[in-house]
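*Asks:* Okay, here's the prediction I keep looking at, along with the sequence it came from:
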Amino acid sequence: MSGIRRPLVYNRPVPYTVSTPVFEGPFDLLLHLITRQQVDLWEVSLSAIVDGYVATLAEMQTALDLEVATEFLLIAAVLLELKARRLLPGREDVELEEELALWEERDLLLARLLECKTFKDAAATLHRTMESAGRSWPRTAGLEERFASLVPDVLAGVTAAQLGDVMNALLVPKPQARLLLDHVAPVRASVGDAVVELVDELPRAGRITFARLTSGLVERLEVIVRFLALLELYKQGAVDLQQAVTFGRLEVVWLGLPDDPGGTEEYDG
Amino acid sequence: MATEEERAIEAIVMVSDRPVEPHLLAQLLEVTPARVEDICALLAESYAAEDRGFQLVRVAGGYRFQSHPDQAPYVEKFVLEGQSARLSAAALETLAIVAYKQPVSRAQVAAIRGVNADAVIRTLQTRGFIAEVGRDPGPGQATLYGTTPLLLEKLGLDRIEQLPPLAQFVPGPEIMDALERSLRADPAPAPAPIELRQEPGRAGGPYQDDPDLGD
Amino acid sequence: MATEEERAIEAIVMVSDRPVEPHLLAQLLEVTPARVEDICALLAESYAAEDRGFQLVRVAGGYRFQSHPDQAPYVEKFVLEGQSARLSAAALETLAIVAYKQPVSRAQVAAIRGVNADAVIRTLQTRGFIAEVGRDPGPGQATLYGTTPLLLEKLGLDRIEQLPPLAQFVPGPEIMDALERSLRADPAPAPAPIELRQEPGRAGGPYQDDPDLGD
């Protein structure tokens, strides 16, 4: 991991007013991080990214609104996802596909960043155009009263009852479109359960790679939970973990169960 | 060449939708009202000398631009041919809102209609169907609008209270359903906590087969 | 001395509360639209030559009188309500997307901005800058949005095509390189860091002079 380009501006007295950046969406923020801080996504540590967010939030606290805060969370999630992808132990059999998927994702992100930058600049021009047009006010006085009698009787045929009908129609509450996500049942996996499964499986395997140990799992979360369960067992001295090189093959060796497996936490999807 | 003072008066009077008092112009230009009267007289003369199709005139205690009387035939043609003879749906909606909710601000009208109402309000005002009736006492002091006697006359009503009462709104079942859903803080009964697999039965969404929305 | 045609146009445009289409003016004056354009150009020139405080301009497909921009300080004092409140950066960016991509759906706007655009779209719609212009023929029949004549008026443009082409805003090669490098999937040694230059206006920003930034 390379050195971190921390947003140093936050760590020392600022000699002049820094205009508060307002980010329009996660791509905007990512763009800002990349162009202003030269963050290399793949090399920077997650804690630095989180620090950057917290510092930016602190800077914005006077004008913090929910939307901005939510956008921050979203971009944080995007970064974490990309980062996590590299950190998760790879499965050798699908490595090429994953690598391709990674490239695809990166290209997509790049395209979206370029698009974001394009419209950001277009918006700036729109703003300038509007500002300069705003220096003139249109004449809106309209017809002089001497012509009022000429105006066709636009109310011909309009009745009080009709006006009532129009109002009633306006007052009918319009159902708000709402995205219901509750049909998507969250995948819930408990580390406790995974520990129990591993304690059952590992003594039979003796020595096994993590890729193999998780080869039957479909959900990413299940893989993560298994990994956490392994760490739990490692902490308890029940297994040994061996990895020759970073991002290399992770091997699990069963050592035997100590007296008490201890309490574990539950992780929600 | 117009002087700076002349230009300022031209600009202000041009964008005003009512005659501008010389007193106010004097204040804006930081000159005396007498000076304003002089400048306006000069301007009016110059338009006349150039034979413009418009005039600067003093009416109702203020100055305004208006079309030259000898151009009335063209203006009349414009009124008769250039304007639609029926109220647009937008205008009718706006009129209904002002009639029932008066006194009401532009912002309130826009909020009910869901779209900007400024142009429509101006049109209705020009037609004499609605008028400014006051100012909102709150911050911003928004202009409040109400209906005019002309509108009552056109609708054949004596008093605005004679408008038909608004229907007691009875929501249909699908709207009740939608409202119920959007009010629900916790939309789904939490599934059993340690479930790794989805129950096949849940695929249709939680409300599909749940007749009891009241809980 | 103004001609009869010039005078008629001056009178009509003076009494209109919105830009008057040359097509309508041509009909009222019984001349060709091209002739109307010529007359209007002459009128606009004469006001400019006389240094008037107002202008005749072509916006949103028609002609209107407006105050001269350099008189803004006076008009601002007069028009207390001022021009409608400023647009947020989010609203401007959404407006840019709608302007260049129209007709466009909420989902498409959200995809570009990376966040839900519903609230911003509603605001722009309420202010009358964008409007529903149709439905996506595809599945879901999403509502499609486009810009309105009111927006053109606010931009002082005659047609939306007068906006600079979008291609003009596509980032240059240095920016592309820098982005590309930052998103490199290969964690292998990066080439010597390229100094990513900000736009000239941003020079002197807080990061500019920090030697640690280069890694």
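*Replies:* Looks like it came in fine.

*Asks:* where along chain A do the helices fall?
*Replies:* A:26-37, A:46-59, A:66-87, A:95-133, A:160-171, A:191-205, A:210-213, A:220-235 (DSSP state H).

*Asks:* name the helices or strands packed onto the lengthiest helix in chain B?
*Replies:* Assignment by DSSP H gives helix B:33-49 as the longest helix of chain B. On a contact count with 3 or more CB pairs under 8 Å, 6 or more residues apart in numbering or on different chains; DSSP states H and E, helix B:33-49 meets helix B:4-15, helix B:22-29, strand B:54-59. For every residue, glycine as well, the C-beta is placed using N, CA and C.

*Asks:* Can you say which of the ones you listed is nearest to chain A?
*Replies:* Comparing those against chain A with CB to the nearest CB, the closest turns out to be helix B:4-15 (4.0 Å).

*Asks:* Check which residues of the closest one are buried.
*Replies:* Neighbour-count burial for helix B:4-15 flags B:Glu5, B:Glu6, B:Arg7, B:Ala8, B:Ile9, B:Glu10, B:Ala11, B:Ile12, B:Val13, B:Met14, B:Val15 (criterion: 16 or more other CB atoms under 10 Å in any protein chain shown).

*Asks:* Then stretch B:113-131?
*Replies:* If you call a residue buried by 16+ other CB under 10 Å, then stretch B:113-131 has these buried ones: B:113, B:115-127, B:129-130.

*Asks:* Of those, which ones also sit close to chain A?
*Replies:* Restricting the buried residues of stretch B:113-131 to those near chain A by CB under 8 Å from any CB of the partner chain leaves B:Arg113, B:Arg122, B:Thr126, B:Arg127, B:Phe129.

*Asks:* Can you list which of these are found in helices?
*Replies:* B:Arg113, B:Arg122, B:Thr126.

*Asks:* and the second one, what is it in contact with?
*Replies:* Just to be clear, that refers to B:Arg122. Neighbouring residues of B:Arg122 by CB atoms under 8 Å, 6 or more residues apart in numbering or on different chains: A:Thr140, A:Gly142, B:Asp17, C:Asp17.

*Asks:* what's the answer for the first one, then?
*Replies:* Neighbouring residues of B:Arg113 by CB under 8 Å, 6+ apart: A:Leu170, B:Ala90, B:Glu93, B:Thr94, B:Ile97.

*Asks:* Going through those residues, which ones are buried?
*Replies:* Buried residues within the contacts of B:Arg113, counting neighbours by 16+ other CB under 10 Å: A:Leu170, B:Glu93, B:Thr94, B:Ile97.

*Asks:* Quick one: residues contacting the second one.
*Replies:* Read that as B:Glu93. B:Glu93 is in contact with A:Val166, A:Leu170, B:Arg113, counting by CB under 8 Å, 6+ apart.

*Asks:* Name the spans of the chain whose pLDDT lies under the cut-off.
*Replies:* Since you didn't name a chain, this refers to chain A. A:1-27, A:29-53, A:56-57, A:59-99, A:102-103, A:105-106, A:173-189, A:246-247, A:259-269 (pLDDT under 70).

*Asks:* try again with chain B
*Replies:* Checking chain B against pLDDT under 70 turns up B:1, B:83-85, B:168-215.

*Asks:* Now do the strands in it.
*Replies:* B:54-59, B:62-67, B:104-105, B:130-135, B:143-147 (DSSP state E).

*Asks:* how about those, which one is nearest A:Ala160?
*Replies:* With CB to CB, the closest approach to A:Ala160 among these belongs to strand B:143-147: 11.2 Å.

*Asks:* Kindly export the longest helix of chain B (C-alpha atoms) in PDB.
*Replies:* Taking Å, rounded to 0.1, in the frame of the first residue of the first chain, the C-alpha atoms of helix B:33-49 are listed here in PDB:
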ATOM      1  CA  PRO B  33     -39.300  63.900  -8.100                       C
ATOM      2  CA  ALA B  34     -39.200  67.200 -10.100                       C
ATOM      3  CA  ARG B  35     -36.200  65.900 -12.000                       C
ATOM      4  CA  VAL B  36     -38.000  62.600 -12.700                       C
ATOM      5  CA  GLU B  37     -40.900  64.500 -14.200                       C
ATOM      6  CA  ASP B  38     -38.500  66.500 -16.400                       C
ATOM      7  CA  ILE B  39     -36.700  63.300 -17.600                       C
ATOM      8  CA  CYS B  40     -39.900  61.500 -18.300                       C
ATOM      9  CA  ALA B  41     -41.200  64.500 -20.300                       C
ATOM     10  CA  LEU B  42     -38.000  64.400 -22.400                       C
ATOM     11  CA  LEU B  43     -38.300  60.700 -23.000                       C
ATOM     12  CA  ALA B  44     -42.000  61.000 -24.000                       C
ATOM     13  CA  GLU B  45     -41.000  63.800 -26.400                       C
ATOM     14  CA  SER B  46     -38.200  61.700 -27.900                       C
ATOM     15  CA  TYR B  47     -40.500  58.800 -28.600                       C
ATOM     16  CA  ALA B  48     -43.000  61.100 -30.200                       C
ATOM     17  CA  ALA B  49     -40.300  62.700 -32.300                       C
END
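
*Asks:* Run the chain-centre distance for that helix.
*Replies:* In terms of CA atoms, centre = their mean, to the nearest Å, the centre of helix B:33-49 is found 34 Å from the chain centre.

*Asks:* do you know how far B:Val104 is from B:Gly134?
*Replies:* For B:Val104, the distance to B:Gly134 (CB to CB, to the nearest Å) stands at 11 Å.

*Asks:* intersection of neighbour lists for the two?
*Replies:* If you check B:Val104 and B:Gly134 against CB under 8 Å, 6+ apart, the residues they both contact are B:Leu144.

*Asks:* between the two, who's got more neighbours?
*Replies:* Neighbours were counted for B:Val104 and for B:Gly134 using other CB atoms under 10 Å in any protein chain shown; B:Val104 has more, 25 against 13.

*Asks:* and the more buried one, what does it touch?
*Replies:* B:Ile97, B:Val98, B:Leu144, B:Tyr145, B:Gly146.

*Asks:* try it again with 7 Å
*Replies:* B:Ile97, B:Val98, B:Leu144, B:Tyr145 (CB atoms under 7 Å, 6 or more residues apart in numbering or on different chains).

*Asks:* what's the farthest-apart pair in these?
*Replies:* The most distant members of the contacts of B:Val104, if one measures by CB to CB, are B:Ile97 and B:Leu144, lying 12.6 Å apart.

*Asks:* Can you name the residues of chain B sitting close to chain C?
*Replies:* Counting by CB under 7 Å from any CB of the partner chain, chain B comes close to chain C at B:1-2, B:6-12, B:14-15, B:28, B:50-54, B:65-68, B:71, B:74-75, B:77-78, B:81-82, B:110, B:114-116, B:122, B:126.

*Asks:* picking that back up, with the ones in helices among the ones next to chain A among the buried residues of stretch B:113-131 in mind, which one is nearest to chain A?
*Replies:* Nearest to chain A out of those is B:Thr126 (CB to the nearest CB; 4.4 Å).
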